[in-house]
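# Sequence and predicted structure below; questions after.
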Amino acid sequence: MSIELGKFNRLKVVKQVDFGMYLDDDIEGEILLPKRYVPQDCKVGDELDVFIYLDNEERLVATTQQPLVQVGQFACLEVAWVNQYGAFLNWGLMKDLFVPFSEQKMKMQVGKRYVVHVHLDEESFRIVASAKVDRYLSKEKVDYVPGQEVEVLIWQKTDLGFKAIIENRFGGLLYDSEIFQPLHTGMRLKAYVKQVRDDGKIDLMLQKPGAGKVDDFAKTLLEHIRSNGGRTPLNDKTPAEEIYAMFGVSKKTFKKAVGDLYKKRLVVLQDDGIVLAKE
């Protein structure tokens with residue numbers, strides 16, 4: 001089985017030397033795992049999960065370090081240094097990740113973070129990154145359904161809201177009018193599919209849609225009141241920002257949950273807050 005460059009591979013230890021271990025690959029031959037990355041008590045015959053990349057002399061090398069991104073994925077990475085050929089990003093390994101000038105949407109600056117896609121350059125076979133994210137998003141038909149939970153990477157701010165990358169494959173959009181928390185490029189968080197439009201574009205929302213969301217939060221709010229001596233100073237006059245800062249939900253969801261608890265006679269509403277109802 002051939003190794004996958006820029007990804008984790010499971011390989012067998014076949015030789016021990018003073019400067020590390022050699023791992024066997026049927027196609028490429030032996031690949032060095034430098035001594036600094038060799039796990040304690042590792043011996044010939046063991047199988048290891050290692051990340052394979054190219055060292056400074058373009059030789060295959062293995063590491064047990066966990067990179068911040070693998071080939072085929074998107075990530076938000078910081079620029080470590082720049083030279084006359086492009087920018088180099090910190091991706092958690094000793095050798096930094098190269099972004100040629102031709103793959104930069106704007107000239108990258110040291111210390112700033114950018115969302116990039118990592119892939120193998122077809123000509124040099126090197127692992128490189130590109131900030132021209134659009135071209136690497138899948139154009140395949142999606143099979144998401146409204147309400148489905150997905151993992152997203154916040155990509156960039158637009159006039160409508162925030163673009164996001166869904167599960168390392170698709171582009172999506174979160175609308176400003178439905179965002180109740182601070183967002184910034186590079187954040188990874190859970191979101192929900194609002195709809196898949198006829199043109200294939202995906203609208204997202206950060207809160208679980210439907211009655212289930214209110215039911216879930218009603219339980220959370222009730223537990224919060226119980227664990228705080230049977231009272232909370234929050235009520236329908238509390239600013240939406242304060243509610244979101246504490247619970248991560250919109251004021252609309254908060255008010256619906258309060259109404260649900262009140263109808264079930266679990267709480268009593270007062271001018272200065274909400275208290276548990278006496279049993």
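Arrived safely.

# What is the burial count for residue 179?
Using other Cβ atoms under 10 Å, residue 179 is surrounded by 16 other residues. In this view, the C-beta of every residue, glycine as well, is placed from N, C-alpha and C.

# was I right about it contacting residue 162?
Yes. With contact defined as Cβ atoms under 8 Å, residue 179 counts as touching residue 162 (7.1 Å).

# can you pull out the strands in the stretch 151-279 of the chain?
For the stretch 151-279 of the chain, strands defined by DSSP state E, counting those that start in this stretch occupy the ranges 161-166, 170-175, 188-196, 202-205, 231-232, 267-270, 273-276.

# Could you report the neighbour count for residue 74?
20.

# ditto for residue 27
7.

# is it true that it touches residue 2?
Yes. Using Cβ under 8 Å, residue 27 makes contact with residue 2 at a distance of 4.3 Å.

# Residue 46: what's it in contact with?
Residue 46 is in contact with 12, 13, counting by Cβ atoms under 8 Å, 6 or more residues apart in numbering.

# swap the cut-off to 7 Å and go again
For residue 46, the contact set (Cβ atoms under 7 Å, 6 or more residues apart in numbering) comprises residue 13.

# before we move on, the earlier item: nearest to residue 145, out of the strands of the stretch 151-279 of the chain?
strand 188-196 (6.8 Å; Cβ to Cβ).

# and that closest one, average pLDDT?
For strand 188-196, mean pLDDT is 94.

# Counting by contacts, list what that strand packs against.
strand 149-157, strand 202-205 (3 or more Cβ pairs under 7 Å, 6 or more residues apart in numbering; DSSP states H and E).

# Residue 123: which of the strands of the stretch 151-279 of the chain is closest?
So among the strands of the stretch 151-279 of the chain, strand 161-166 is nearest, using Cβ to Cβ, at 25.8 Å.

# Which secondary structure elements does that closest one sit against?
strand 149-157, strand 170-175.

# Surely residue 21 is in contact with residue 33?
Yes. At 4.6 Å, residue 21 counts as touching residue 33 under the criterion of Cβ atoms under 7 Å.

# Those two: which is more packed in?
Set residue 21 next to residue 33 and count neighbours by other Cβ under 10 Å: residue 21 wins out with 26 against 23.

# Can you check the pLDDT for that one?
Predicted confidence (pLDDT) for residue 21: 97.

# ditto for the one 5 residues further on
Per-residue confidence (pLDDT) for residue 26: 70.

# coming back round to it: now render the helices and strands packed on strand 188-196 as JSON lines, adding mean pLDDT and distance to residue 63.
As requested, the helices and strands packed on strand 188-196 are exported to JSON lines (pLDDT from 0 to 100; distance: least, Cβ to Cβ, whole Å):
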{"stretch": "strand 149-157", "mean pLDDT": "96", "distance to residue 63": "24"}
{"stretch": "strand 202-205", "mean pLDDT": "94", "distance to residue 63": "35"}
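
# Tell me which of those strands sits nearest to residue 186.
strand 149-157 (6.5 Å).

# how far off strand 161-166 does the closest one point, in degrees?
Here the directions of strand 149-157 and strand 161-166 differ by 130 degrees (axes from the mean of the first three to the mean of the last three Cα atoms, to 10 degrees).

# Give me the contacts around strand 149-157.
With Cβ under 7 Å, 6+ apart, strand 149-157 has contacts from 74, 76, 115, 133, 162-167, 172, 183-193, 204.

# ok, back up a step: now tabulate the strands of the stretch 151-279 of the chain in a markdown table and tack on mean neighbour count.
Conversion of these to a markdown table gives the following (neighbours: other Cβ atoms under 10 Å):
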| stretch | mean neighbour count |
| --- | --- |
| strand 161-166 | 22 |
| strand 170-175 | 19 |
| strand 188-196 | 17 |
| strand 202-205 | 19 |
| strand 231-232 | 18 |
| strand 267-270 | 16 |
| strand 273-276 | 18 |
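
# nearest to residue 104, of those?
Of all the strands of the stretch 151-279 of the chain, it is strand 161-166 that lies closest to residue 104, at 17.9 Å by Cβ to Cβ.

# distance of residue 42 from residue 3?
Separation of residue 42 from residue 3 (Cβ to Cβ, to the nearest Å) stands at 19 Å.
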